[in-house]
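J.: Quick one, structure for this:
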Amino acid sequence: MRVLMISWEYPPYVVGGMGKHVAELVPTLAELAEAEPGFRLDLLTTRLADGPAVEELNGRAWIHRVDVPPMDPQDMFNSVMEANHVLERKALELAEAAPFHLVHVHDWLVARAGIHLKHRWKVPLVATVHATERGRHQSHLPTELSRQINQLEWELCYEAWRIIVCSGYMAGELQGYFSVPSDKMSIIPNAVNPAPLQACPPEEIGRLRRRYAPQGQRLLFFVGRITPEKGLPVLLRAMPLILAKDPHVRLLVAGKNSEQMQGLVDELGIGHAVELLGFISDEQRNCLYNAVDAAIFPSIYEPFGIVALEAMAAGCNVIASSVGGLSEVVRHMNTGITVLANSPESIAWAVEQLFQDPERARRLREEALNHVHNCYAWPLIARATLELYRTVLEERSRVVW
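T.: Sure thing, here's the model as predicted:
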């Protein structure tokens, strides 16, 4: 079995959840492949943040980073299509050594290359759909770019032999938006590696507490992209309600360009209780998960919610909107507290519930960590992916193309 995986993101170029997913999935598949005679995985990706052109993992998986033309911000869609042509040419070059049996692409950004290769090689196409353009815009397509992306997402779903989605919510979204049959989709969730999330030295945790809670304040934490669907303004609007009940609460906000929220912070009069940290490293994020009293994810749209899963794996209490995949990852009053989307009042209520009962908070953390280990470990997810490859190839063997 020789598989070609194509992803726009792979370390050192990682922008969001898709990049994190592929970054963990590929090495884990490579480890499993050691017990799979004849299995080889080639990952084809862009070289947008340097990295070696070719990287061998363990003799069963190779990373191929390709230099693509610069993105034109005025014509993003056609820039991506041009990059797909470059990725496709590289794939054809790799196939000269030995044929590929299956192509696996991640999201619309590399869909065109995957579709072309499927037809050229007459092999099945597997597509992981991490999110949709309609979902990001609450069912609307506000721009021509959005309409182009939506059309390509539909085409990818149509062309794929099997579609992987990370949650039942995403399966329903593809059924509603693109009429994808339920038996064409497989739900394989994201996963998390708890080890680095729990590796912060105790002295660093203590330093963070002294820095951000010098008078023993309770710390809330938001981390994520500063985009409308992540719901940060909703959390900021909840802060006056939270402070009215407990003035000794502080909110730390991490995310690139978080300083753009300063105007709303000033408008709400909560500058004394909110600190905008800007971009932070994964290591800093992990230590903050261990130092704060709760992480809050007030998303309006969330196909899965990997950030909530990471917080749970770090042993942090989680409050999250009951939307999309978040409602499947965070079980209300079992592994965390879920709240109504777009409701500052609901967030304030959840914070009060968490702080009122320390014993319940401890039980939620403990159950959340057990849930992560039992359901969201990367070896489980990689094995499910490998089994899906086998199923697709077996189905393909019975079809005359």
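J.: so where's the stretch 101-250 of the chain shaky on pLDDT?
T.: For the stretch 101-250 of the chain, not a single residue meets the criterion pLDDT under 70.
J.: ranges for the strands of it?
T.: 102-106, 125-129, 162-165, 185-187, 218-223, 249-254 (DSSP state E, counting those that start in this stretch).
J.: The first one pairs with which strands, parallel or anti?
T.: Each strand paired with strand 102-106, and its direction, by DSSP bridges: strand 2-7 (parallel), strand 125-129 (parallel).
J.: any chance of those in a markdown table, with mean neighbour count too?
T.: (Each C-beta comes from the backbone N, C-alpha and C, glycine too.) Shown next, in a markdown table, are these (neighbours: other CB atoms under 10 Å):
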| stretch | mean neighbour count |
| --- | --- |
| strand 2-7 | 24 |
| strand 125-129 | 24 |
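J.: could I get those strands as TSV with distance to Leu117?
T.: Putting the strands paired with strand 102-106 into TSV (distance: least, CB to CB, whole Å) gives the following:
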stretch	distance to Leu117
strand 2-7	7
strand 125-129	8
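J.: need the contact list for Leu125.
T.: Contacts for Leu125 (CB atoms under 8 Å, 6 or more residues apart in numbering) come out as 102-105, 114-115, 117-118, 159-161.
J.: which stretch among the strands of the stretch 101-250 of the chain comes nearest Tyr389?
T.: strand 102-106 (5.9 Å; CB to CB).
J.: Off-centre distance for the closest one?
T.: Distance, stretch centre to chain centre, for strand 102-106: 18 Å (CA atoms, centre = their mean, to the nearest Å).
J.: and if you look at stretch 309-317?
T.: 15 Å.
J.: Would you map out the domains in the chain?
T.: 2-191+377-396, 194-375 (automatic domain parsing).
J.: in the stretch 301-401 of the chain, which spans are strands?
T.: 318-321, 337-339.
J.: Highest mean neighbour count out of those strands?
T.: strand 318-321 (a mean of 29; mean count of other CB atoms under 10 Å).
J.: for it, packing partners?
T.: Judged by 3 or more CB pairs under 8 Å, 6 or more residues apart in numbering; DSSP states H and E, strand 318-321 is in contact with strand 294-297, helix 306-313, helix 326-329, strand 337-339, helix 344-356.
J.: List of residues touching that strand?
T.: If you take CB under 8 Å, 6+ apart as the criterion, strand 318-321 is touched by 231, 294-300, 302, 305, 308, 311-312, 326-327, 329-330, 335-342, 347, 350-351, 354, 364, 368.
J.: got the contact list for Tyr312?
T.: Rather than Tyr, residue 312 is Met. Counting by CB under 8 Å, 6+ apart, Met312 touches 318, 329-330, 335-336, 365, 368-369, 371-372.
J.: which one in those is the model shakiest on?
T.: Taken together, the contacts of Met312 show their lowest pLDDT at Val329, with 90.
J.: For that one, which residues are in contact?
T.: Taking CB under 8 Å, 6+ apart, we find Val329 in contact with 167, 189, 304-305, 308-309, 312, 320, 335, 376.
J.: And for Leu152?
T.: Applying CB under 8 Å, 6+ apart, we find Leu152 in contact with 108, 111-112.
J.: Make JSON lines out of those and add neighbour count.
T.: Shown next, in JSON lines, are these (neighbours: other CB under 10 Å):
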{"residue": "Trp108", "neighbour count": "25"}
{"residue": "Ala111", "neighbour count": "26"}
{"residue": "Arg112", "neighbour count": "21"}
